[in-house]
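1. model this:
(chains A and B)
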Amino acid sequence: MSLVLIVSFILVCLLAAHSYYKRGSHLTFNFFLFAFIVTFIKEAPGRRFDGVLAQDHAAPFEFLNPGGSAIIGSLAGLVGWIFTFYLGWSMAEAIIKRVEPLSKRVFPLLLLSGLVIMSISYSVEATAVRMGWWRWKIEDLRLASFLVGVPFMAFEAWASFSLQYLLLPYALIECSSLNKAPWKGAFFAIPFIHNLLANCQLHTLRVLEERSVFLLLIIMSFASSLCLDYSTIKIPRATKISNSGWFKAIPVWVVSAMLSILAFFDIIVLKDYSLFITMLPLLVLILLAVRKIPLYLIVIFIIIASLFAKEKIAPAALSLAVFFVFMFFAKLKKPKLGHES
Amino acid sequence: MFAQILWLAIFITLFFILSLRHCGYHKGVELTFNFFFFSFLYVYGWLLKNIGNTPLPLRTARNFASTLLYPYPPQDKFLYLFLVFIIASLALACIYYLGWHIAENILLRTGIFKDRLFALVFIAGLITASIIYPLEALGINSGWWSWKISEASVGRFLPGCPLHPVREGFYLAVYFLAAYFLIECSKYRKSSWKMIFFILPFIHVWTLRLFGTGFPRFLERSILSAILIILAYLSPLRIEYDKPRRQDANIILDKALTVFLILAFLIICFAYVMVIRNPSLTISLLPISFFLLLSIRKIPAYLVAIIALVFFILTGMRHVFLLIPVFAVASFMTINYGRNKYSYLKR
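-> So this is what the prediction gives:
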């Protein structure tokens, strides 16, 4: 666990360097600061008034950290979340570049970020639960035949936590054309309301709110023309290293490294080859993020993989399907979108 | 009970609108929006954080919201509870603004400290605590709520009220105001790292969550107090605004705010005398009265000091805590006087 924590921390530092050269000090600082704050609110072990140290009892999962301290468990969660937030954001940016007219829009980027985060959660959850790092206390049989023992709620929770606590308010406040509005701080209400519902154990309301936000995000992805706006940001002067191809592709390298680590645990430690299936959606998204790889090759890859994985290829196929929907939409609205961009 | 809450809601909504207009007139739209929006979220989050997790340190009550709070609120009362807390949060947001406004006026007397950020935070925090004190005394003595962790200390430091809620009100305000002023109204407002100050309001919650209450809480509060007092007297950091502030007074708004404050005073006094039937509780209005007197520049400071001294002697020199406003302002004025008087020593 500690080794994974150290490796994750190094990868987060790499991502921070990537963010600094790509987005400048202001956006990088705020992204990682708020990622830290929201994650710490969620993951820090809590002491009740009677002094007992406990994870938030409202959470439907519990960390199994035999022999380890609660602080180490929280730190692992903290680094893991920051890592996921940035990967979701930057991978989505790389993927949406293939659909040029949509690449400057806020909501398609956010929807794709949610998809990347769900894919990350699929591979991480499957391995972590088998490794005994944490355990889900609930039984959720939705889509159980596609998901290898991980409740569907886990994926929803990863995506809604990432989107509502950080990415959605961050994108609207810092990176959209609303960043000059005097009332932009109002978007802080998004994580606040989500946190409120989560803490008050109003489960039905919380689920309703999560689904409504997802639905709204899908509608806004196609209906809203709100664009990304980095005009006020000072980008640091490029160096030889920051200009190199490998530096620009750091998110892809990092996510590949993460998959390799998970593959190591699946093959060497767990000796369970079936868990490879959980990596397929993320693999498809990595391929989509590398623009040099033609689309037809990715489609062929999915078709071949489906011969082995059968119905379990569905999550990976879904990732590709969402991308095709965006492509189709961009082609349909091409004259208008082209004019906007 | 419903009628009481309705009247309270109307009263506080009026207070909120008035504060919003007043702040908007003097400080502009962006500062006003951010101040009220974030103070509301801050206070509302603070009030609600206990519902899901643990029993509040509040308990009892014949009526009002806290009946529902102990030990756990019934599920069907959640909506009601949220509404009551919304009213309370709006009221506290307005009290913070009142603290800011009165502190600015008081500091105009203090020469070099008049636009110093940490002096403003310190005095505004004290004013907030002074406003919370009579409200707490009213709530506790009318049986709306009580503080189970500090019941024994009722009347020990402050007549009619335990020290805990007033002290916590001070710290709560200081964390928020320090973060707000550093981010929005200081020279750091243009820095790319200014949002680091956003962590300040979380320090208390994280201290409790990581280390628990008791000694860690005491240590955190002591460190905060020491840092704040040192910075209030020594830090030259100034309040700065993006756009020049409007200096001319809006007579209608100022008068409306004054009438509103007088009305609030009268209602509280009426409740002490006619409802609770304990006129001695009116003493809880003294700290905020001292602050209000000091904020009126036409009243000489020495006159306020004499009134405080007379009160102190008449009450048998017991209620020294009620004189904190006078001590705090007097210390700033004395330092300013000393600097002006002996400035030749520096040359």
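2. Report pLDDT for residue 198.
-> Going with chain A. The confidence metric pLDDT takes the value 71 at A:Ala198.
3. Chain B, not that one
-> 92.
4. And the residue of the stretch 51-200 of chain B found nearest chain A, how far from A:Leu295?
-> Of all residues in the stretch 51-200 of chain B, the one sitting closest to chain A is B:Ser192 (3.6 Å; Cβ to the nearest Cβ). Where C-beta positions appear, they are placed from N, C-alpha and C, glycine not excepted. B:Ser192 sits 39 Å away from A:Leu295 when distances are taken as Cβ to Cβ, to the nearest Å.
5. Average pLDDT for stretch A:8-18, rounded please.
-> For stretch A:8-18, the per-residue pLDDT averages 89.
6. in chain A, which spans are helices?
-> A:2-43, A:70-96, A:106-131, A:152-162, A:168-170, A:189-199, A:203-223, A:240-243, A:245-248, A:250-264, A:280-289, A:295-309, A:314-332, A:334-340 (DSSP state H).
7. Could you list the low-confidence segments of chain B?
-> B:1-2, B:48-82, B:148-156, B:244-247, B:344-347 (pLDDT under 70).
8. ok, which stretches of it are helices?
-> B:2-27, B:29-53, B:66-69, B:78-107, B:117-141, B:163-184, B:200-211, B:215-234, B:251-270, B:286-295, B:301-314, B:324-341.
9. Next up, the contacts around the residue of the stretch 51-200 of chain B closest to chain A.
-> With contact taken as Cβ atoms under 8 Å, 6 or more residues apart in numbering or on different chains, B:Ser192 is in contact with A:Gly24, A:Ser25, A:His26, A:Phe29.
10. and if you look at A:Leu216?
-> So A:Leu216 contacts nothing (Cβ under 8 Å, 6+ apart).
11. Against A:Glu209, how distant is it?
-> On the measure of Cβ to Cβ, A:Leu216 and A:Glu209 end up 10 Å apart.
12. one step back: with B:Gly143 as the reference, name the closest of the helices of chain A.
-> helix A:189-199 (28.6 Å; Cβ to Cβ).
13. tell me the contacts of the residue most central in space within chain B?
-> The residue lying closest to the centre of chain B (Cα atoms, centre = their mean) is B:Thr128, at 1.2 Å. By Cβ under 8 Å, 6+ apart, the contact set of B:Thr128 is B:Ile95, B:Tyr96, B:Gly99, B:Gly169, B:Phe170, B:Leu172, B:Ala173.
14. Please report how far the nearest residue to the second one once chain neighbours are set aside lies from A:Val150.
-> Looking back up the chat, that one is B:Tyr96. Using Cβ to Cβ, 6 or more residues apart in numbering or on different chains and skipping residues adjacent in sequence, the residue nearest B:Tyr96 is B:Ser39, 5.1 Å away. Separation of B:Ser39 from A:Val150 (Cβ to Cβ) stands at 41 Å.
15. B:Arg238 too?
-> For B:Arg238, the distance to A:Val150 - Cβ to Cβ - is 55 Å.
16. And for A:Gly245?
-> 35 Å.
17. try A:Pro315
-> For A:Pro315 relative to A:Val150 (Cβ to Cβ), the value is 11 Å.
18. which neighbours do the two share?
-> Common neighbours of A:Pro315 and A:Val150 (Cβ under 8 Å, 6+ apart) are A:Tyr122.
19. give the contact list for B:Leu172.
-> B:Val43, B:Trp46, B:Thr128, B:His204.
20. which ones are touching residue 301?
-> Went with chain A since none was named. A:Val284, A:Leu287.
21. um, chain B though
-> Per Cβ under 8 Å, 6+ apart, neighbours of B:Ala301: B:Arg109, B:Leu294, B:Val329, B:Ala330, B:Met333.
22. The closest residue to A:Leu275 other than its chain neighbours: how many residues sit nearby?
-> The shortest distance from A:Leu275 to any non-neighbouring residue, by Cβ to Cβ, 6+ apart, is to A:Asp266 (4.2 Å). If you count neighbours by other Cβ atoms under 10 Å in any protein chain shown, A:Asp266 ends up with 22.
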